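**Student:** Fold the following for me, if possible:
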Amino acid sequence: MHAITVNGLSVQYNKQLALDNVYFQVPTGSMTGIIGPNGAGKSTFMKAILGLVPILSGNILLYDKPVHSERKMIGYVPQRSEVDWDFPIHALDVVLMGRYQYFKKIRPISKKDKELALHHLSSIGMEDFAYRQISQLSGGQQQRVFLARALAQDTPIYFMDEPFAGVDAATEKVMIDLMKKWKQEGKTVIVVHHDLQTVKEYFDHVLLLNIKTIGCGKTDEIFHVNNIQKAYGGKLTVFPDISMAGNDQ
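**Tutor:** Sure thing, here's the model as predicted:
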């Protein structure tokens with residue numbers, strides 16, 4: 001069974017197609033990178049699955065069921081640029097937001113909820129910042145807090161929109177190690193990613209996207225120079241770790 005199946009997805013902004021007839025399947029328990037140039041529709045693709053933008057056409061399934069009934073199965077780490085970092089909230093409160101979907105009715109935060117949130121902050125080295133206002137954290141610390149929120153959601157699928165942008169090498173390692181741990185646990189991780197040099201190291205599957213699907217499947221089969229040129233246009237410079245398979249030049 002595939003964790004996610006997308007058939008013929010199109011999204012339109014101001015009468016222009018942001019996504020055009022995109023097809024995508026990702027196996028359960030995989031790590032998939034969504035790769036493409038700026039303006040390719042990578043974030044829009046995630047938001048369409050999450051129901052954050054309206055779709056023009058197509059259908060989306062999670063575990064072979066319509067997405068609208070299954071979205072609670074997705075944990076989401078948005079781009080940092082989409083978060084209001086000046087909102088008066090502590091790191092611990094952000095993590096507690098990941099537990100709200102489990103509340104059957106409106107109720108105060110329990111001691112157990114708080115202990116669980118503190119545990120997740122501790123697991124990524126942020127326990128000392130639990131009561132720090134989020135605007136007072138560095139970019140890497142902010143991303144770690146949202147990673148802890150994703151842990152609190154405890155979902156089988158995780159969407160992460162450019163999680164490594166603006167973070168230091170230590171934070172990136174913490175994040176990728178956690179994603180690999182999720183994969184080992186049978187969870188499915190899908191990441192909008194921009195660094196072509198680390199694609200093969202990080203992901204076993206890729207979606208190469210530029211408004212349309214350029215290629216989708218196992219990294220070793222899809223992530224080669226010919227497909228990357230189709231996605232990005234023009235000539236590549238030097239990418240020694242990228243396979244030349246499929247390059248007919």
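
**Student:** helix, strand or coil for the most centrally placed residue in the chain?
**Tutor:** Centroid-nearest residue in the chain, with C-alpha atoms, centre = their mean: Met160, separated by 1.9 Å. Classification of Met160 using DSSP: H, G, I helix; E, B strand; the rest coil returns strand.

**Student:** show me the contacts for it.
**Tutor:** If you count contacts by C-beta atoms under 8 Å, 6 or more residues apart in numbering, Met160 has them with 76-77, 150, 179, 189-192. (Each C-beta comes from the backbone N, C-alpha and C, glycine too.)

**Student:** In helices only, show me those.
**Tutor:** Residues from the contacts of Met160 lying in helices, with DSSP state H as the criterion: 150, 179.

**Student:** And for His90, the neighbour number?
**Tutor:** As a burial measure, His90 scores 16 neighbours (other C-beta atoms under 10 Å).

**Student:** For the closest residue to it other than its chain neighbours, grab phi and psi.
**Tutor:** Of all residues not flanking His90 in the chain, Tyr131 sits nearest, at 5.1 Å (C-beta to C-beta, 6 or more residues apart in numbering). Backbone torsions for Tyr131, taken as degrees, to the nearest 10, come to phi -110, psi 20.

**Student:** for Tyr131, what are its contacts?
**Tutor:** By C-beta under 8 Å, 6+ apart, the contact list for Tyr131 reads 90-92.

**Student:** ok so, going back, now the contacts of Met160: which count as buried?
**Tutor:** Neighbour-count burial (16 or more other C-beta atoms under 10 Å) applied to these gives 76-77, 150, 179, 189-192.

**Student:** Restricted to strands, list those residues.
**Tutor:** The strands, defined by DSSP state E, take in 76-77, 189-192 from the buried ones among the contacts of Met160.

**Student:** Which one of these is nearest to Phe164?
**Tutor:** Checking those against Phe164 with C-beta to C-beta, the nearest one is Val191 at 8.4 Å.

**Student:** mind giving me CSV with the contacts of Met160 and columns for pLDDT and distance to Glu172?
**Tutor:** Output for the contacts of Met160, formatted as CSV (pLDDT from 0 to 100; distance: C-beta to C-beta, whole Å):
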residue, pLDDT, distance to Glu172
Tyr76, 89, 19
Val77, 88, 13
Ala150, 88, 16
Met179, 92, 11
Val189, 96, 14
Ile190, 97, 17
Val191, 96, 12
Val192, 96, 14
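
**Student:** Could you report the neighbour count for Thr213?
**Tutor:** Neighbour count of Thr213, defined by other C-beta under 10 Å: 20.

**Student:** same deal with Val95?
**Tutor:** 29.

**Student:** Any figure for the gap between it and His119?
**Tutor:** Here the distance between Val95 and His119 works out to 10 Å (C-beta to C-beta, to the nearest Å).

**Student:** who's in contact with Ile109?
**Tutor:** By C-beta under 8 Å, 6+ apart, the contact set of Ile109 is Leu96.

**Student:** Check the spacing between it and Glu115 real quick.
**Tutor:** 11 Å.
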